[in-house]
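# Just to be clear, the model below is a prediction. Sequence and coordinates:
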Amino acid sequence: MNSRIFIKGQDVYLRHLQLTDIEGNYLHWFDNEIVCKYNEHHRYPYYSEQLESYIKNLAGNHNNLVFAIITNEENEHVGNISIQNICYINRSAEIAIIVGERKYWGKGHSSEAMQLIISHAFYTLNLHRLYCGTHSQNVGMIKLAHKLGFQQEGIRRKAIYKNGDYSDIIEFGLLKDEYNGL
């Protein structure tokens, strides 16, 4: 088990991203059209220099906290999760997740990682509100948001242009007093 564990769950733990993560499959997630199908900000191809710059820029950034999702059993980096755009005045932040290792899709790792990060945001950072958005066809994320207690707050119509077409983004929000964990 990695000595740099930030938050430990039953099946996964979260730790800060490291430059050595670039050597694994991390880079290839962002060149995989299936993995990034609903990712609104990604464009192909993706290079190791971009990831290196991204990870270095995270150091000391208190408004964007990004963590690697690591399996406890295999010690494999399977995805990333973040609390970003943290506003300490309004006590709100956006959360985002990507599970790049497709063999872990549908295994509950996203749900557990989200629970860990939500609990950290509400009970350690003392945030009041979390929000996230997803592509209107991303059924997995929509189900996960509802499962975790997020409420649909709106739709950004035709907000993303990808693969030659515009699509909607569904916006979700969760208040601290609404969160019961799972």
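Received, thanks. Numbering: from 1, shown residues only.
# which residues of the chain score low on pLDDT?
Applying pLDDT under 70 to the chain flags the ranges 1-3, 31-32, 34-38, 40-46, 182.
# what residue is smack in the middle of it?
Centroid check for the chain by CA atoms, centre = their mean gives Ile97 as the closest residue, at 1.7 Å.
# Now the element after whichever strand or helix holds that one, going C-ward?
Per DSSP states H and E: Ile97 is located in strand 92-99. The helix or strand immediately downstream of strand 92-99 is helix 109-119, counting by DSSP H and E.
# Return the set of buried residues in the following helix or strand past that following helix.
Proceeding N to C from helix 109-119, the next assigned helix or strand is strand 129-135, under DSSP H and E. By 16 or more other CB atoms under 10 Å, the buried positions in strand 129-135 come out as Arg129, Leu130, Cys132, Gly133, Thr134, His135. For glycine as for every other residue, the C-beta is placed from the backbone atoms N, C-alpha and C.
# Just send those residues back as JSON lines, with distance to Leu14 too.
Shown next, in JSON lines, are the buried residues of strand 129-135 (distance: CB to CB, whole Å):
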{"residue": "Arg129", "distance to Leu14": "21"}
{"residue": "Leu130", "distance to Leu14": "16"}
{"residue": "Cys132", "distance to Leu14": "17"}
{"residue": "Gly133", "distance to Leu14": "21"}
{"residue": "Thr134", "distance to Leu14": "20"}
{"residue": "His135", "distance to Leu14": "24"}
